[in-house]
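Colleague: Predicted model, plus sequence, below.
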Amino acid sequence: MGRKFFQSAVSIAAFFALWTFMRDGCSGRTEDVASIHAENAQHARERAEAMPNDFVVPDRFPELLAALERLTGSAPVPFVGERDWGAPVPSAGFAFQTRSDTLAEALADTLTRLVLPKGFHTFAYASGAGIGPSYVVAMPTPDWYASIELVETTGNPSPSAKEIVSWFRKLEREQPFTITDIGRDHVGGRFLAALKDPRELARRFNDFCPDIVRQGTGSVKNLEIELRESQYLYCWWD
């Protein structure tokens, strides 16, 4: 009986160790705060360099389109939601091709916060699930959730676009943010205030989109540091 009890105890301990490993997304990578600091500083430089100091916030949607044409050096094209099996879905938005995804993300990150009070939003978008050209998309509405459904972001097949919208709506009520990066398999943005509980938030993100830990930060602890230091939010499903 003693041996059976010992074997059962070992099995239970092994189960909880495995559960903790899976829950925390641990991959043996140690926390590297210095690299996180460096990456955050690089993002800040990219944002600062994307927008001229004399930029005037547009009051009307046509003015926003004209500003993006100057900032990107490309003409606007009507934006459509791509579909693997079905016709593209038209929208009232316009897309501007950029020379890199870095520029698209930097422009959208700054512009959205400037034009949201005017009733517009912008987001970075990569055609072909990140394989094709990079764009900044301007939409004549502040509703980025409609853009997530237009793009039909999905975890292929789960979570669906509607489930992603529902999850982020709930999060926004607790911790306000802007969405500035939308793709077929990812959503990104920025929190607008200091995080109330970075550790719990990191665990929630790991539960909802574990690829950000498995293929990104390497551990939930690293994700916690990244969220707290940068105030960026990001989910992708590979």
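Modeller: Cool, the structure landed. Numbers count the residues shown, from 1 in each chain.

Colleague: Residue 99 versus the residue nearest the centre of the chain, what's the distance?
Modeller: Centroid check for the chain by CA atoms, centre = their mean gives residue 188 as the closest residue, at 1.3 Å. Distance, residue 188 to residue 99, using CB to CB, to the nearest Å: 19 Å. Heads up, the C-betas are built off the backbone N, CA and C, glycines and all.

Colleague: Check residue 156 too.
Modeller: Note on residue 156: its distance to residue 99, by CB to CB, is 28 Å.

Colleague: next one: residue 135
Modeller: Applying CB to CB to residue 135 and residue 99 gives a distance of 11 Å.

Colleague: which element is residue 137 on?
Modeller: Assignment of secondary structure by DSSP states H and E places residue 137 within strand 134-139.

Colleague: Can you point out the buried residues in that strand?
Modeller: 134-139 (16 or more other CB atoms under 10 Å).

Colleague: would residue 92 count as being in a helix?
Modeller: No. Counting by DSSP: H, G, I helix; E, B strand; the rest coil, residue 92 falls outside a helix, being strand.

Colleague: neighbours around the closest residue to it other than its chain neighbours, how many?
Modeller: Nearest non-adjacent residue to residue 92, counting by CB to CB, 6 or more residues apart in numbering: residue 140, 5.3 Å away. By the criterion of other CB atoms under 10 Å, residue 140 has 17 neighbours.

Colleague: just for this structure, where's the confidence low?
Modeller: Along the chain, the model assigns pLDDT under 70 to residues 1-33, 36-37, 39-40, 43-44, 128-132.

Colleague: So which residues of it form strands?
Modeller: 77-81, 89-98, 121-126, 134-139, 177-182, 186-191, 232-236 (DSSP state E).

Colleague: out of those strands, nearest to residue 149?
Modeller: strand 77-81 (8.3 Å; CB to CB).

Colleague: Mind exporting the C-alpha coordinates of that closest one to PDB?
Modeller: Only the C-alpha atoms of strand 77-81 are listed here, as PDB (Å, rounded to 0.1, in the frame of the first residue of the first chain):
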ATOM      1  CA  VAL A  77      -6.900  52.300 -52.600                       C
ATOM      2  CA  PRO A  78     -10.300  51.100 -51.400                       C
ATOM      3  CA  PHE A  79      -9.900  48.600 -48.500                       C
ATOM      4  CA  VAL A  80     -11.600  45.200 -48.700                       C
ATOM      5  CA  GLY A  81     -11.800  42.300 -46.300                       C
END
